[in-house]
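A.B. asks: I'd like to go over a predicted model; first the sequence, then the structure.
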Number of protein chains: 2
Amino acid sequence: MIASTAGAQAPVRVATPKLDAYVAGREFDKPTLVIDCDRVEEQYTALKAGLGHADIHYAVKANPAKPVLERLVQLGSHFDAASRGEIEMCIAAGAHPDTISYGNTIKRAADVAWAHGAGITLFAADAEEELDKIAEHAPGANVYIRLIVETSEADWPLTRKFGCDAGLALVLLDYAKEVGLVPVGFSFHVGSQTRRAEMWAPTLDQMAEIWKAAKDAGHDLTLLNIGGGFPAFYGEAIDTPTVYASRVIALVEEKFGHIPRIMAEPGRGMVAEAGVIACEVMLVSRKSDRDVHRWVYLSIGRFSGLAETEGEAIRYQFETDRDGDATGPCIMAGPSCDSADVLYEKRPMNLPLTLKAGDRVLIRNTGAYTSTYSSVCFNGFPPLDVVVI
Amino acid sequence: MIASTAGAQAPVRVATPKLDAYVAGREFDKPTLVIDCDRVEEQYTALKAGLGHADIHYAVKANPAKPVLERLVQLGSHFDAASRGEIEMCIAAGAHPDTISYGNTIKRAADVAWAHGAGITLFAADAEEELDKIAEHAPGANVYIRLIVETSEADWPLTRKFGCDAGLALVLLDYAKEVGLVPVGFSFHVGSQTRRAEMWAPTLDQMAEIWKAAKDAGHDLTLLNIGGGFPAFYGEAIDTPTVYASRVIALVEEKFGHIPRIMAEPGRGMVAEAGVIACEVMLVSRKSDRDVHRWVYLSIGRFSGLAETEGEAIRYQFETDRDGDATGPCIMAGPSCDSADVLYEKRPMNLPLTLKAGDRVLIRNTGAYTSTYSSVCFNGFPPLDVVVI
């Protein structure tokens, strides 16, 4: 089931009957992420329907569980890898090297050489030193130049960490040729969790201007990598994947005209809604008799899977067996002795007043950016367990 | 070698000849934390010399490497554990259950029962529900009540996540008795990396007032757990461990009078200076021709061991083979595709202008809060490797 079939109207929550049935019948001894592979397939199909001739390069970092990668290989997905490790995972899942782009602009020279040997032919770069590395260790490779996005309306906007500005981008296209590489185009990223397709417009305007400048300078660009940003449902209205993707592609065509090859890199938008975390309440308390807010401590926190609550950026949806009881505001925190392990404090969550230690809590739409962010053994707690059904 | 033998004068850096010799002769294929166990022993001995009759309960969360725990067991250290996992590690390293406190105020009922069965007799709590859990699953146990610290001058001050206020603390002492537990005292935490002993004074004043109120209410308190806060050298002047610890104990005695049992929980102050991380430069770049700052990307970042750079709180010291060359300001970032994986941006670091991809970087005094914070497989990068020498 997809979030909604009627455009931008958001339902109370995404229906996930298979996940619901699985968690309902089971005890979990530690926090566990359950992923429904069929739900990933539905999402892939829905995104592909909207993206048309654009290639989907699944952002492996969102969730590299082997059954997820295998299913996506079967469906014909391509892949965006952040590291040698992720390329290895894709190949182990059956992906052809031709379908994998090495999209991190920060690569170790030895890993570039390894990737070249493994048959990877498409690399990202945003600096001269990176092009030198690729030229030396993957001679003749295709490269695209990552551009900085100056405007973002995303819930998790990106910093200036990646990309270069327009002036430098044109210099780098020339430089890539000089060192024997094939500069095929540009990439950018509108910011993770860009909730509405319309929010892409200012970024696309900025990017199209650079694209045109490069064409005017004589560069034969054939590839535009529009990155990710495809949203998941966290309680605020989002378009359905098909509607969203088709609007984005329509905007791209409106701003750029025809482009031979478009790449899109959904990660969150592909897998978030396919996952649910089952955890439990560790403690409910107040700090003093005068406290208005309760503190609710869960068995999972920022260092064991919920890293994206940093700055309270991503607001997950919580379900308990006591939903329906009267609710009150709660500060939510993880189980560790780290005082930074607080999930929501500035904007407390409403949870049932009857909630108590031992109660099960389901955290919805947590299939993306949870399992691999989990620390190895923080405070002696095990990493997030993952089950794929 | 200890940071300095002359009180508060900070040296340029802590001398670690054994670590220096080890890393100088080796290639590291991935970011690696090297820990010198002898350096841990020196620090234990120096802290113990200052702490006098207080018991050191090493905060296992700072670094639970087995050889470190084994060495501390040999030296007579006690332990502060945050979880069942950490208690198991201590016992596996040879610690007697009597020497282990279960210091997390957030515990799973099943873990309390397990700890009770394993012989743990001392538990922390800051809420009625937690006391209920302990009373049911560890009947008759000793408990101390964690207090909120309202004032902190630490570099990594704690939030309101742990502890309760004075009024509730007295209620909880009574409640503990009611449910058959033995309330032995209080704990608090001044905040991690409290650089000078004098910074403890306002907190100790606040705590001593509550201690006195409890005594006046008829509670026979015998234990004060002064927590951690013992600093490591990150470039700013700190006292030597012995001077620092003896000043803290003198302040405690001045404010509280005689206390039968004092517990101190150094973590960072025990192991940080015993560790060095060897990593490498992945890329040096500028975002545009007009950029004043370079971006320096390392092979380690916030999600692979340097979690404490969040908010740029802990400022590590970096060494390269090009130290001595002219320097310029750098924004520093990790190797992942996550835009939040930036180490220092608001306050850039000065690094050699000659720095380039492939250069080795040593990050000093990184023995605490690095290895276990490292994520399992973020962006396909392996967790921080640990070698104990």
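C.D. replies: Okay, I see it.

A.B. asks: what about the stretch 51-200 of chain A, any weak spots by pLDDT?
C.D. replies: Applying pLDDT under 70 to the stretch 51-200 of chain A flags residues A:151-159.

A.B. asks: let's see 90
C.D. replies: A:149-160, A:191-193, A:195 (pLDDT under 90).

A.B. asks: ranges for the strands of it?
C.D. replies: Under the criterion DSSP state E, counting those that start in this stretch, the stretch 51-200 of chain A contains strands at A:55-59, A:78-81, A:100-102, A:122-125, A:142-146, A:182-187.

A.B. asks: make CSV from these and add distance to residue A:229 to it.
C.D. replies: Where C-beta positions appear, they are placed from N, C-alpha and C, glycine not excepted. Shown next, in CSV, are those (distance: least, Cβ to Cβ, whole Å):
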stretch, distance to residue A:229
strand A:55-59, 10
strand A:78-81, 13
strand A:100-102, 17
strand A:122-125, 16
strand A:142-146, 14
strand A:182-187, 12
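
A.B. asks: so can I have CSV of these showing mean neighbour count?
C.D. replies: Listed next are the strands of the stretch 51-200 of chain A as CSV, based on neighbours: other Cβ atoms under 10 Å in any protein chain shown:
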stretch, mean neighbour count
strand A:55-59, 26
strand A:78-81, 27
strand A:100-102, 26
strand A:122-125, 26
strand A:142-146, 26
strand A:182-187, 22
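
A.B. asks: and residue A:271, which of the ones you listed is closest to it?
C.D. replies: Smallest distance to residue A:271 across the strands of the stretch 51-200 of chain A (Cβ to Cβ): 8.2 Å, for strand A:55-59.

A.B. asks: name the residues that touch the closest one?
C.D. replies: A:44, A:47-48, A:69, A:72, A:77-80, A:99, A:101, A:103, A:225, A:228, A:261-268, A:270 (Cβ atoms under 8 Å, 6 or more residues apart in numbering or on different chains).

A.B. asks: just the buried ones out of these, please.
C.D. replies: A:44, A:47-48, A:69, A:72, A:77-80, A:99, A:101, A:103, A:225, A:228, A:262-268, A:270 (16 or more other Cβ atoms under 10 Å in any protein chain shown).

A.B. asks: these: which ones sit near chain B?
C.D. replies: Restricting these to those near chain B by Cβ under 8 Å from any Cβ of the partner chain leaves residue A:103.

A.B. asks: any idea how chain A splits into domains?
C.D. replies: A:37-271, A:273-388 (automatic domain parsing).

A.B. asks: could the ones you listed go into a markdown table alongside distance to residue B:303?
C.D. replies: Listed next are the domains of chain A as a markdown table, based on distance: least, Cβ to Cβ, whole Å:
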| stretch | distance to residue B:303 |
| --- | --- |
| domain A:37-271 | 11 |
| domain A:273-388 | 6 |
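
A.B. asks: and of the ones you listed, who's closest to residue B:323?
C.D. replies: domain A:37-271 (20.3 Å).

A.B. asks: so how far is the closest one off the chain centroid?
C.D. replies: 12 Å (Cα atoms, centre = their mean, to the nearest Å).

A.B. asks: which residue does the stretch 101-250 of chain A have closest to chain B?
C.D. replies: residue A:127 (3.3 Å; Cβ to the nearest Cβ).

A.B. asks: excluding covalently adjacent residues, which one is nearest to residue A:72?
C.D. replies: With sequence-adjacent residues excluded and distances taken as Cβ to Cβ, 6 or more residues apart in numbering or on different chains, residue A:72 is closest to residue A:58, at 5.3 Å.

A.B. asks: same question, residue A:40
C.D. replies: That would be residue A:274: by Cβ to Cβ, 6+ apart, it lies 4.7 Å from residue A:40.

A.B. asks: go on, residue A:288?
C.D. replies: residue B:165 is the one closest to residue A:288 (Cβ to Cβ, 6+ apart), at 3.9 Å.

A.B. asks: try residue A:201
C.D. replies: What sits nearest to residue A:201 in space, not counting adjacent residues and going by Cβ to Cβ, 6+ apart, is residue A:251, at 6.1 Å.

A.B. asks: before we move on, what about residue A:280?
C.D. replies: Closest to residue A:280 by Cβ to Cβ, 6+ apart is residue A:299, at 4.9 Å.

A.B. asks: I figured the one you found was touching residue A:29, is that so?
C.D. replies: No. Counting by Cβ atoms under 8 Å, residue A:299 does not reach residue A:29; the two are 10.0 Å apart.

A.B. asks: in terms of neighbours, single out the busier of these two.
C.D. replies: Neighbour comparison, residue A:299 and residue A:29: the larger count goes to residue A:299, with 22 against 11 (by other Cβ atoms under 10 Å in any protein chain shown).

A.B. asks: so what's that one up against?
C.D. replies: Contacts of residue A:299 (Cβ under 8 Å, 6+ apart): A:30-31, A:279-282, A:335, B:108.

A.B. asks: are any of these buried, and if so which?
C.D. replies: Using 16+ other Cβ under 10 Å, the buried members of the contacts of residue A:299 are A:30-31, A:279-282, A:335, B:108.

A.B. asks: check the residues you listed and tell me the two furthest apart.
C.D. replies: A:30 and A:281 (14.1 Å).

A.B. asks: list the beta-bridge partners for the closest residue to chain B within the stretch 201-350 of chain A.
C.D. replies: For the stretch 201-350 of chain A and chain B, the shortest gap (Cβ to the nearest Cβ) falls at residue A:285, measuring 3.3 Å. Residue A:285 forms beta bridges with residue A:295, as assigned by DSSP bridges.

A.B. asks: any idea how far residue A:226 is from it?
C.D. replies: 47 Å (Cβ to Cβ, to the nearest Å).

A.B. asks: over to residue A:15?
C.D. replies: Distance from residue A:15 to residue A:226, by Cβ to Cβ: 29 Å.

A.B. asks: so which of the two has more stuff around it?
C.D. replies: Shown here are residue A:15 and residue A:226; by other Cβ under 10 Å, residue A:226 has more neighbours (27 against 14).

A.B. asks: now that one: how far from residue A:208?
C.D. replies: Residue A:226 is 11 Å from residue A:208, by Cβ to Cβ.

A.B. asks: then residue A:134?
C.D. replies: Taken as Cβ to Cβ, the span from residue A:134 to residue A:208 is 26 Å.

A.B. asks: thinking again about what came up before, tell me the confidence at the residue nearest to residue A:280?
C.D. replies: Note for residue A:299: predicted pLDDT of 98.

A.B. asks: what's the answer for residue A:245, then?
C.D. replies: For residue A:245, the model assigns a pLDDT of 98.

A.B. asks: that one: what secondary structure?
C.D. replies: Reduced to three states with DSSP: H, G, I helix; E, B strand; the rest coil, the structure at residue A:245 is helix.

A.B. asks: I'd guessed it sits against residue A:229; true?
C.D. replies: No. Residue A:245 is not in contact with residue A:229 according to Cβ under 8 Å; the separation is 10.8 Å.

A.B. asks: more neighbours, the two?
C.D. replies: A side-by-side neighbour count of residue A:245 and residue A:229, using other Cβ under 10 Å, places residue A:229 first with 33 against 25.
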